[in-house]
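In: got a sequence here, can you build the structure:
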Amino acid sequence: MRDVKVKANSKSEEDELSSSLSVKSTPEIEKKYVHRVYDAIAPHFSSTRFAKWPKVAAFLESLPSGSVILDAGCGNGKYLGLNPSCFFIGCDISNPLIKICSDKGQEVLVADAVNLPYREEFGDAAISIAVLHHLSTENRRKSAIEELVRVVKPGGFVLITVWAAEQEDKSLLTKWTPLSPKYVEEWVGPGSPMNSPRVRNNPFFGLESIPETDLSVKEQKAESSPSLGLESIPETEESTREPKTESVPDTQDSLGEQKDKSSVEVLLEALKMNQQEYFVPWHLPYHRAEVSGASASALASGLAKKDDRKGTVVYNRYYHVFSEGELERLASGVGNAMIVDRFYDKSNWCIVLQKEALNQD
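Out: Numbering: from 1, shown residues only. You can find the predicted model right below:
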């Protein structure tokens with residue numbers, strides 16, 4: 001049998017392909033705390049989403065008659081058809097939300113924001129309203145912007161809005177749960193102080209219950225304390241279980257431990273002051289939850305919790321809130337588009353991109 005030689009791809013091509021596949025592969029945190037949540041709350045969520053933002057409406061109404069407009073992450077379709085002289089096509093990752101749109105006769109399909117099923121130069125404009133903050137890595141957020149630019153024609157416009165870290169109502173932040181290091185590891189890296197036992201075992205950050213065998217007596221007490229903050233971090237599991245001795249520790253080891261503790265404390269304080277990863281609750285009233293079996297399943301699996309005082313089933317939704325200038329920096333990395341407008345509106349950072357027009361030479 002004759003040998004067949006196959007030319008191997010260069011390492012750079014393999015790395016590029018691997019990176020592309022990785023970006024388009026949905027992380028578990030998004031599947032659990034975005035996709036599954038919105039599927040479960042879709043009817044109630046839709047009933048609360050009817051007001052149109054003036055800035056978004058003004059953008060859509062400014063587009064020329066006959067424009068084809070793509071709404072990527074259309075939700076319940078409240079912007080579809082806003083400008084009656086244009087043609088609207090919507091997509092969303094949530095099948096129940098798409099069904100709500102379809103039942104209204106809107107042109108929609110289920111699709112992923114980082115892998116839009118449209119050909120290049122498909123539409124005259126595109127919008128992404130409150131979508132990118134649900135993507136859990138910078139590469140996925142940038143890929144979503146690239147997809148929006150890809151599907152519009154040269155000279156076409158893209159409007160993007162995201163939740164801002166700089167919220168007008170500061171009290172909202174107290175109702176959000178800072179993301180656990182269990183998930184932060186994906187961005188900070190396994191070798192960082194955030195991955196040390198001292199932080200990993202800290203119940204302040206743990207969003208899910210920690211097995212009793214992994215808790216020291218001190219940590220158990222801290223876990224039950226509602227007032228626990230960053231200032232009262234328990235010692236590591238190892239240090240709390242070691243017997244006390246009178247021996248003087250090795251100087252270099254002691255200095256190393258102090259340096260490690262110091263770096264952890266600095267990082268924790270930075271996270272406290274510059275937190276951008278949150279779980280934001282959605283309270284689904286009991287009478288709405290009874291309509292669907294999704295909530296019963298979510299409660300059984302631990303995805304949701306009951307709040308008897310408010311009479312709701314509480315879901316956590318993942319958000320990466322954007323700091324000032326972050327959206328612009330992300331969009332500036334898209335080579336064939338330029339930022340033509342940027343603004344802050346209703347606690348959202350917003351930009352308008354224009355795709356480069358073809359050379360007329």
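In: neighbours around I41, how many?
Out: 27 (other C-beta atoms under 10 Å). No exception for glycine: its C-beta is placed from N, CA and C like everyone else's.
In: same question, S85
Out: Neighbours of S85 (other C-beta under 10 Å): 10.
In: could you find the closest non-adjacent residue to it?
Out: Spatial nearest neighbour of S85, chain neighbours left out: S65 (4.0 Å); criterion: C-beta to C-beta, 6 or more residues apart in numbering.
In: ok, that neighbour to R140 distance?
Out: Using C-beta to C-beta, to the nearest Å, we find S65 at a distance of 35 Å from R140.
In: in terms of neighbours, single out the busier of the two.
Out: Ranked by neighbour count (other C-beta under 10 Å), S65 and R140 place R140 first, with 22 against 8.
In: before we move on, which element is the more buried one in?
Out: Taking DSSP states H and E as the criterion, R140 maps to helix 138-150.
In: tell me the contacts of E166?
Out: 323-324, 344, 347 (C-beta atoms under 8 Å, 6 or more residues apart in numbering).
In: Provide the secondary structure category for the closest residue to N76 other than its chain neighbours.
Out: Of all residues not flanking N76 in the chain, S46 sits nearest, at 3.8 Å (C-beta to C-beta, 6+ apart). Reducing the assignment at S46 to three states with DSSP: H, G, I helix; E, B strand; the rest coil gives helix.
In: low-confidence ranges in this protein?
Out: Applying pLDDT under 70 to the chain flags the ranges 1-21, 180-273, 290-292, 359-361.
In: and the helices in it?
Out: 11-24, 28-30, 36-47, 54-61, 95-103, 138-150, 181-188, 197-200, 217-223, 237-241, 251-273, 286-289, 294-301, 326-332 (DSSP state H).
In: what's around the residue nearest to V321 when sequence neighbours are not counted, how many residues?
Out: Setting aside the residues directly before and after it, V321 is nearest to A165 in space (C-beta to C-beta, 6+ apart), at 4.3 Å. By the measure other C-beta under 10 Å, the count of residues near A165 is 20.
In: ditto for V68
Out: The number of residues near V68, taken as other C-beta under 10 Å, comes to 18.
In: list the beta-bridge partners for the residue lying closest to it once chain neighbours are set aside.
Out: Closest residue to V68 apart from its sequence neighbours, by C-beta to C-beta, 6+ apart: G123 at 4.2 Å. Beta-bridge partners for G123, by DSSP bridges, are V152.
In: next, count neighbours for G123.
Out: 22.
In: ok, it - contacts?
Out: 67-70, 89, 151-153, 156.
In: circling back: what does the helix holding R140 rub up against?
Out: With C-beta under 8 Å, 6+ apart, helix 138-150 has contacts from 19, 22-24, 27, 70, 72, 113-116, 120, 126, 128, 131-132, 135, 158, 160, 187, 320, 330-331, 333-334, 336-337, 353, 355.
In: would you mind checking those for buried ones?
Out: 23, 27, 70, 72, 113-114, 116, 126, 128, 131-132, 135, 158, 160, 320, 330-331, 334, 337, 353, 355 (16 or more other C-beta atoms under 10 Å).
In: roughly how far apart are the residue nearest to V68 and A72?
Out: To A72, G123 is 10 Å away according to C-beta to C-beta.
In: can I assume I339 is in contact with K355?
Out: No - in this structure, I339 is not within contact of K355 by C-beta atoms under 8 Å, at 11.6 Å.
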